[in-house]
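>>> A structural model of the following input is requested.
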Amino acid sequence: MSKINQSRIDKILSRREVSLVSKVLELEHWQALSQTDTTKSYLITFSNDMEQAKYECECPSFKYDETNTPPTCKHIEAIKQLKYKLLTDEETKEIWKENL
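Numbering: from 1, shown residues only. You can find the predicted model right below:
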């Protein structure tokens, strides 16, 4: 089970530190700003081939934190929560329309 702190996810969303870069069929590319080094950003890939959702992130936490099962990171969790809010909340759609 992931030990990612919800406050970190909330910070990413409130600062709009994730954005959809491209979407082609069932493949999405997102970009997330690093919270520790503002000159860095990470690419997050979401694919939904054959209804098997899969996320991958370039950040060190995703690559090296073996305690996160299934593999995840704060960037992926922020995107998951954002996608859910976009499906269920009109206000969120309006706020985020420029980032998508």
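>>> could you pull out the helices for this structure?
6-14, 60-64, 74-88, 90-96 (DSSP state H).
>>> to residue 24, which of the ones you listed lies closest?
Nearest to residue 24 among those is helix 74-88; the distance by CB to CB comes to 16.5 Å. Heads up, the C-betas are built off the backbone N, CA and C, glycines and all.
>>> go through the biggest strand by length in the chain and flag the buried ones.
Longest strand in the chain, counting residues (DSSP state E): strand 41-49. Along strand 41-49, these residues count as buried under the neighbour rule (16 or more other CB atoms under 10 Å): 41-42, 44, 46.
>>> distance from the chain centre to it, please.
Centroid separation between strand 41-49 and its chain, computed with CA atoms, centre = their mean, to the nearest Å, is 8 Å.
>>> returning to that earlier point: nearest to residue 31, out of the helices of the chain?
helix 74-88 (9.3 Å).
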